[in-house]
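1. Got a sequence here, can you build the structure:
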Amino acid sequence: MDKSAKSSDNGTKKMKRDIPDGLWTKCKNCGEIVYIKELEKNNWVCLKCDYHFRISSADYIKLILDDGKLEEYDSNLVSEDPLQFKDTKRYTERIKAAQKKTGLNEAVVAGIGEINSKQVSFAVMDFNFVGGSMGSVVGEKIARAIERSLDKRIPLVIVSASGGARMQEGILSLMQMAKTSALLALLYDAKIPYISVLTNPTTAGVMASFASLGDIIIAEPKALLGFAGQRVIKQTIGQDLPEGFQSSEFFLEHGFIDFICHRRDLKNKISLLLDYMEVQSQSAR
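-> Predicted coordinates for the structure are as follows:
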């Protein structure tokens, strides 16, 4: 064996050992190795290709709300197990594991906050909690966020990230689609603005209910959006599907969403829209 090659190989191994874990990560889009602290400074957006990494509900609160402050409501609500559901593990065990992993009681955080000094009813989903799935508690917390918007006559902003309804609660999870949609109809009648923000991914029962009912619908770049998965749709209609048909860009091109917004601009874009919608709302009264 070539001694120089062996020496080089040993040097590479030593270098790998000298780099502590958790300092670097790989961009899923372009493959660039990114320094995590630089990624954090850039709101978890790849500095090379602008790929938006998935972030937590706490990150969105810091990003969108003034001083990163949310007066949280209903944090004590937790899921029960009405169907005594068990697959590879019990539903109650999944909930406990998700609570331990995220530090949250459920897949949505809701309350009152301010965006550039404008008070809003705010809710943000967290995909890290059982895939951001919507069960009874998530539906109830979204419903109460809408009701706070109605009671206080303040705008509603919901940031969605979800794989859909929570199968472990069966029909009880599907009922949340109708409940949240009916309350949003009251909000619309009251001419109170609702801005829906779609992040990667927003799919299935959440997309088919409150996420798609905003007066203004904003999406982050290249977010996965849609109802059913690509394989299911292809089997159902028996046709090949256009490339990227479940992306934010495809949805914008076909008129389903209003804007694609870079994460760094999200707060100011929402603030500007709220200013405009408030003027329109006042003139309509």
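2. Can you tell me the SS state at the closest residue to residue 65 other than its chain neighbours?
-> Excluding its sequence neighbours, the residue lying closest to residue 65 (CB to CB, 6 or more residues apart in numbering) is residue 113, at 3.9 Å. Bear in mind the C-beta positions are built from the backbone N, C-alpha and C, glycine included. The three-state label given to residue 113 by DSSP: H, G, I helix; E, B strand; the rest coil is strand.
3. So what's the residue count around residue 113?
-> Look at residue 113: counted by other CB atoms under 10 Å, it has 22 neighbours.
4. That one and residue 124: what is the separation?
-> 10 Å (CB to CB, to the nearest Å).
5. And the helices in the stretch 101-250 of the chain?
-> Residue ranges of the helices in the stretch 101-250 of the chain, as given by DSSP state H, counting those that start in this stretch, are 136-152, 171-189, 204-207, 230-237, 248-253.
6. Need the winner for burial among those.
-> Comparing the helices of the stretch 101-250 of the chain by mean neighbour count (mean count of other CB atoms under 10 Å), helix 204-207 comes out on top with a mean of 24.
7. Just confirm residue 99 is within a helix.
-> Yes. Residue 99 forms part of a helix when assessed by three-state DSSP.
8. Let me see the contact set for it.
-> Counting by CB atoms under 8 Å, 6 or more residues apart in numbering, residue 99 touches 105, 129.
9. Residue 115 contacts residue 66, correct?
-> Yes. Contact status for residue 115 versus residue 66: in contact at 6.6 Å, counting by CB atoms under 8 Å.
10. With neighbour numbers in mind, choose between the two.
-> Each of residue 115 and residue 66 has its neighbours counted (other CB under 10 Å); residue 115 has more, 21 against 15.
11. Please work out how many residues are found near residue 278.
-> Applying other CB under 10 Å, we find 14 residues neighbouring residue 278.
12. Next, find the distance separating it from residue 167.
-> For residue 278 relative to residue 167 (CB to CB), the value is 40 Å.
13. Same question for residue 120.
-> 32 Å.
14. ok, now residue 247?
-> 25 Å.
15. what about the protein, any weak spots by pLDDT?
-> Residues of the chain meeting the criterion pLDDT under 70: 1-22, 228-245, 279-285.
16. Strands of that one, start to end?
-> Secondary structure of the chain (DSSP state E): strands located at 24-26, 33-35, 70-73, 108-115, 118-125, 156-162, 194-203, 216-219, 225-226, 259-260.
17. What separation is there between residue 55 and residue 175?
-> Here the criterion is CB to CB. By it, residue 55 lies 29 Å from residue 175.
18. Please name the nearest non-neighbouring residue to residue 170.
-> Using CB to CB, 6+ apart, the closest residue to residue 170 is residue 83 (5.6 Å).
19. typo on my end, it should be residue 196
-> Spatial nearest neighbour of residue 196, excluding adjacent residues (CB to CB, 6+ apart): residue 214 at 3.0 Å.
20. picking that back up, what is the residue nearest to residue 65 paired to in the beta sheet?
-> residue 70, residue 120 (DSSP bridges).
21. Is it correct that residue 217 is in contact with residue 198?
-> Yes. The pair residue 217 / residue 198 is scored as a contact, 6.6 Å apart, by CB under 8 Å.
22. ok, back up a step: highest mean neighbour count out of the strands of the chain?
-> Stretch with highest mean neighbour count among the strands of the chain: strand 156-162 (a mean of 28; mean count of other CB under 10 Å).
23. Alpha carbons of that one, as CSV, please.
-> The C-alpha trace of strand 156-162 is given here as CSV (Å, rounded to 0.1, in the frame of the first residue of the first chain):
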residue,chain,number,x,y,z
LEU,A,156,-56.1,35.9,12.9
VAL,A,157,-52.8,34.5,11.8
ILE,A,158,-52.3,30.7,11.6
VAL,A,159,-49.0,29.1,10.6
SER,A,160,-49.6,25.5,9.4
ALA,A,161,-47.3,22.5,9.3
SER,A,162,-49.1,19.2,9.2
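24. Name every strand pairing with that strand and say which way it goes.
-> Here strand 156-162 is paired, per DSSP bridges, with strand 118-125 (parallel), strand 194-203 (parallel).
25. tilt between the shortest one and strand 108-115?
-> Interaxial angle of strand 118-125 relative to strand 108-115 (axes from the mean of the first three to the mean of the last three CA atoms, to 10 degrees): 160 degrees.
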